[in-house]
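Chemist: the sequence isn't on hand, but the structure is:
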Ligand code: NAD
Ligand code: UDX
């Protein structure tokens, strides 16, 4: 293959959009097109109101897209087929959500979008093309792709499949893409497979140091993505399991995480106890791994990974039960202020947010729930509660949205912190003012351990934190 001139990203989502933008920024001589079936999504990518909230992303997109400081080489379009035809490399970045029906429902990934993208490439490509799995997929997906490409591809057109999983985290996507811990490229260990891996490595080489680009066999690369997410989720479930022991004994999970994390073999990151992990990846990918183990007749392995998700579900309901029992066993008619609805700070993404489960449980207790989140819209909150099984009439009846933390907390019996937005820390929110406008006794339940509990207690609040019991001296 000669020099790469044109690259296509299929799927203009949280991965395709930012990854395409950074690749374009760093390779000004390569035409990068990000395509999607959704016209509204593409229109938003072509505007200044990007379809995702991601700190630092707009300037990156604008520099490559708007031809103000350099020739344009980043394009967002719905012309999926035409763009595939021109491309030397096609990255598949479509969604692979958990199946909701049929065999493996609730566990296996739904590969329909991924297969449809593969079929589209096979049908359209007129020249040799490198196809890159960037979506998170089960191990051995490349073998299925190979069969489809051989069956549908045009005569004389050769395809090389690479696995190049994405490790970015939302909220820090731009920094993660600019300075990745590693770039993983898996290929068949054939001369043409290794050559394709080199071509992709060269594109990344324009900004990623060579020693951070790792080449492996394709099955290892596919499995490494699931393994990384499973190991990260497992750490959170481990610290959350310990948080329950702390609450029952008087130990403090923050001190436990700090003391354990100082051991360089353990390390300090991803040990922040919380109301439970959320996001579109952890639950889906751990279940994907567990289901794979099940289909490989490894039930003990499947059960091991399944328990990571089970602890996470338990952590969420444990938190709500603590709220109910602390508020004297009834929430009926009480106003509960919910601070934060996104699954983590610095994103407006609400997929699998712990807030969804907590708010649903509060509605079931007939609490009046008022939600404030600095980025998540009312429409998004309504949609999440609707698809996650709440009756819309209950949502209308019990849930309201506030534009600031003060309206949210006014007349409430309790404030519940569910997302660790910086503004909820003591410096930004005036807790003294909040105390004044709340019912008595005024409770704060911190599901993220971001508030200064001692200070709030001195102001008169009753404070309950994940991983800290209150009845111990
Ligand atoms: P997303 O839902 O935000 O975006 C996927 C996009 O693909 C959608 O806009 C959809 O319209 C489009 N699409 C689906 N089928 C298509 C087709 N045939 N042709 C054109 N467009 C099509 O998903 P995402 O969060 O970007 O995740 C994409 C993949 O990356 C998933 O496999 C996910 O597990 C993985 N991943 C996600 C993250 C993350 O932080 N979100 C991080 C690493 C990996
Ligand atoms: C994750 C992986 O980190 C990333 O590498 C992968 O590509 C996609 O999945 P993301 O889901 O965006 O990224 O965010 P992450 O920061 O990992 O947080 C996931 C969830 O775990 C959030 O709800 C977060 O609040 C929670 N979390 C994270 C904790 O509860 N404790 C922690 O210590 C870290």
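Modeler: Everything's here; your move. On a predicted model such as this, the values are computed, not experimentally measured, just so you know. Ligands and ions are numbered 1, 2, ... in the order given.
Chemist: residues contacting residue 201?
Modeler: Residues in contact with residue 201 (Cβ atoms under 8 Å, 6 or more residues apart in numbering) are 183, 185, 213, 215. C-beta: built from backbone N, CA, C; applies to glycine.
Chemist: out of the residues you listed, who's near ligand 2?
Modeler: Cross-checking the contacts of residue 201 against ligand 2 (Cβ under 6 Å from any ligand atom) gives no overlapping residues.
Chemist: give the buried residues for the helix or strand bottoming out on mean pLDDT in the chain.
Modeler: The helix or strand of the chain with the lowest confidence, counting by mean pLDDT, DSSP states H and E, is helix 392-398 at a mean of 89. By 16 or more other Cβ atoms under 10 Å, the buried positions in helix 392-398 come out as 395, 398.
Chemist: before we move on, what about stretch 188-204?
Modeler: For stretch 188-204, by 16+ other Cβ under 10 Å, it's 188, 193, 196-197, 199-201, 203-204.
Chemist: now that stretch, how far from the chain's geometric center?
Modeler: Centre-to-centre, stretch 188-204 and its host chain are 29 Å apart (Cα atoms, centre = their mean, to the nearest Å).
Chemist: quick one: mean pLDDT for that stretch?
Modeler: When pLDDT is averaged over stretch 188-204, the result is 98.
Chemist: ligand 1: which of the buried residues of stretch 188-204 is nearest?
Modeler: residue 204 (16.0 Å; Cβ to the nearest ligand atom).
Chemist: quick one: that closest one and residue 215 touch, right?
Modeler: No. Using Cβ atoms under 8 Å as the test, residue 204 is too far from residue 215 to be in contact (11.1 Å).
Chemist: can you name the next helix or strand after the least confident helix or strand of the chain?
Modeler: Counting by DSSP states H and E, the next helix or strand C-terminal to helix 392-398 is strand 399-401.
Chemist: check which residues of that next one are buried.
Modeler: 399, 401.
Chemist: what's the answer for stretch 455-462, then?
Modeler: 456, 459, 461-462.
Chemist: could you dump the residues you listed into TSV and include pLDDT and secondary structure?
Modeler: What follows is the buried residues of stretch 455-462, written out as TSV (pLDDT from 0 to 100; DSSP: H, G, I helix; E, B strand; the rest coil):
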residue	pLDDT	secondary structure
456	95	helix
459	97	helix
461	98	coil
462	97	strand
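Chemist: check the residues you listed and tell me the two furthest apart.
Modeler: 459 and 462 (10.7 Å; Cβ to Cβ).
Chemist: quick check: which element contains residue 357?
Modeler: Counting by DSSP H and E, residue 357 is found in helix 354-364.
Chemist: residue 75 too?
Modeler: strand 74-77.
Chemist: after the longest helix seen in the chain, next one along is what?
Modeler: The longest helix of the chain (DSSP state H) is helix 218-249. Using DSSP H and E, the helix or strand that follows helix 218-249 in sequence is helix 253-261.
Chemist: now do that next one: distance to the chain's middle.
Modeler: 25 Å.
Chemist: show me what whichever helix or strand comes after it is packed against.
Modeler: Per DSSP H and E, the first helix or strand lying C-terminal to helix 253-261 is helix 282-295. Contacting helix 282-295 under the criterion 3 or more Cβ pairs under 8 Å, 6 or more residues apart in numbering; DSSP states H and E are the following elements: helix 218-249, helix 299-326.
Chemist: tell me the most buried of those helices?
Modeler: helix 218-249 (a mean of 20; mean count of other Cβ atoms under 10 Å).
Chemist: ok, residue 110 touching residue 104?
Modeler: No. Using Cβ under 8 Å, residue 110 is not in contact with residue 104; the gap is 9.1 Å.
Chemist: now residue 175: how far from ligand 1?
Modeler: Counting by Cβ to the nearest ligand atom, to the nearest Å, the gap from residue 175 to ligand 1 is 13 Å.
Chemist: swap that for residue 403, sorry
Modeler: From residue 403 over to ligand 1 (counting by Cβ to the nearest ligand atom), the distance is 27 Å.
Chemist: again, but for residue 297
Modeler: Taking Cβ to the nearest ligand atom, one finds residue 297 at 25 Å from ligand 1.
Chemist: one more: residue 123?
Modeler: 12 Å.
Chemist: the helix holding residue 357 and ligand 2, any residue contact?
Modeler: No. Counting by Cβ under 6 Å from any ligand atom, ligand 2 has no neighbours in helix 354-364; the shortest distance is 6.7 Å.
Chemist: need the residues that contact that helix.
Modeler: Residues contacting helix 354-364 (Cβ under 8 Å, 6+ apart): 274-278, 313, 316-317, 319-320, 323, 331, 336, 338, 340-343, 350, 369, 371, 384-385, 388-390, 394-395, 398-399, 416, 418-419, 447.
Chemist: at 7 Å instead, please
Modeler: Applying Cβ atoms under 7 Å, 6 or more residues apart in numbering, the external contacts of helix 354-364 come out as 275-276, 278, 316-317, 319-320, 331, 336, 338, 340-341, 343, 369, 384-385, 388, 390, 394, 398-399, 418-419.
Chemist: hang on, the earlier thing: ok, and which of the buried residues of stretch 455-462 reach ligand 2?
Modeler: Of the buried residues of stretch 455-462, not one also sits near ligand 2 (Cβ under 6 Å from any ligand atom).
Chemist: which of those residues lies closest to ligand 2?
Modeler: residue 456 (21.3 Å).
Chemist: wait, doesn't the closest one sit right on residue 430?
Modeler: No. Under the criterion of Cβ atoms under 7 Å, residue 456 makes no contact with residue 430, lying 11.8 Å away.
Chemist: interface residues of the protein facing ligand 1?
Modeler: So far as Cβ under 6 Å from any ligand atom goes, the chain lies against ligand 1 at 10-16, 35-38, 41, 80, 93-96, 113, 116-117, 135-136, 166, 168, 170, 280-281.
Chemist: buried residues, the helix holding residue 357. List them.
Modeler: So for helix 354-364, counting by 16+ other Cβ under 10 Å, buried means 354-363.
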